[in-house]
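[1] based on what follows, work out the 3D shape:
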Amino acid sequence: MRLVITRAPRQDASYWPGRRWLALLDALAWPALWAIAVIEAPFSTGLVGAVALSFLGVIAARRSHRAIFRNERYWFTIWRWGLALAGLMAVGAATKLVT
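    A predicted model of the protein is given here:
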């Protein structure tokens with residue numbers, strides 16, 4: 001017997017003026033940062049780099065479509081990953097100050 005447990009669907013995000021454009025900026029910024037990391041890698045990425053760049057282009061297109069046309073279903077990435085990265089950078093800066 002197979003038991004399938006599903007989560008309740010996430011509530012729609014609240015809408016406020018300017019949210020659509022900030023969502024588009026957020027949707028394009030993260031894949032662009034990853035693309036810059038692939039392009040500026042200190043080693044030759046070759047075919048893997050080309051595939052990664054095309055994959056990032058598809059991701060950017062899907063995210064931007066959701067940010068513009070399905071804005072109530074778009075959740076900002078900066079809150080999830082940006083704050084975690086900022087926290088790691090703060091810990092690194094504090095460690096540098098102490099030593």
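
[2] what packs against the helix or strand bottoming out on mean pLDDT in the chain?
    Every helix and strand of the chain was ranked by mean pLDDT, DSSP states H and E. The lowest is helix 77, at a mean of 85. Packing partners of helix 77 (3 or more Cβ pairs under 8 Å, 6 or more residues apart in numbering; DSSP states H and E): helix 19-39. Using the backbone N, CA and C atoms, a C-beta is placed for each residue, glycine as well.

[3] list the buried residues of the helix it packs on.
    Neighbour counts using 16 or more other Cβ atoms under 10 Å place 19, 23, 24, 26, 27, 30, 31, 34, 35, 38 of helix 19-39 among the buried residues.

[4] follow-up on the earlier one: for the least confident helix or strand of the chain, which outside residues touch it?
    Outside helix 77, the residues that touch it by Cβ atoms under 8 Å, 6 or more residues apart in numbering are 26, 27, 30.

[5] distance check, residue 41 against residue 49.
    7 Å (Cβ to Cβ, to the nearest Å).

[6] between those two, who's got more neighbours?
    A direct count of neighbours by other Cβ atoms under 10 Å for residue 41 and residue 49 places residue 49 higher, at 15 against 12.

[7] thought residue 37 was touching the more buried one, still the case?
    No - the criterion here is Cβ atoms under 8 Å, and residue 49 misses it with residue 37 at 10.3 Å.

[8] need the next SSE after the least confident helix or strand of the chain, C-terminal direction.
    Note on helix 77: by DSSP states H and E, the next helix or strand toward the C-terminus is helix 83-98.

[9] and that next one, how far out from the chain middle?
    Distance of helix 83-98 from the chain centroid (Cα atoms, centre = their mean, to the nearest Å) equals 21 Å.

[10] residue 11: which of the buried residues of helix 19-39 is nearest?
    Taking Cβ to Cβ as the measure, residue 19 is the one of those closest to residue 11, at 15.2 Å.
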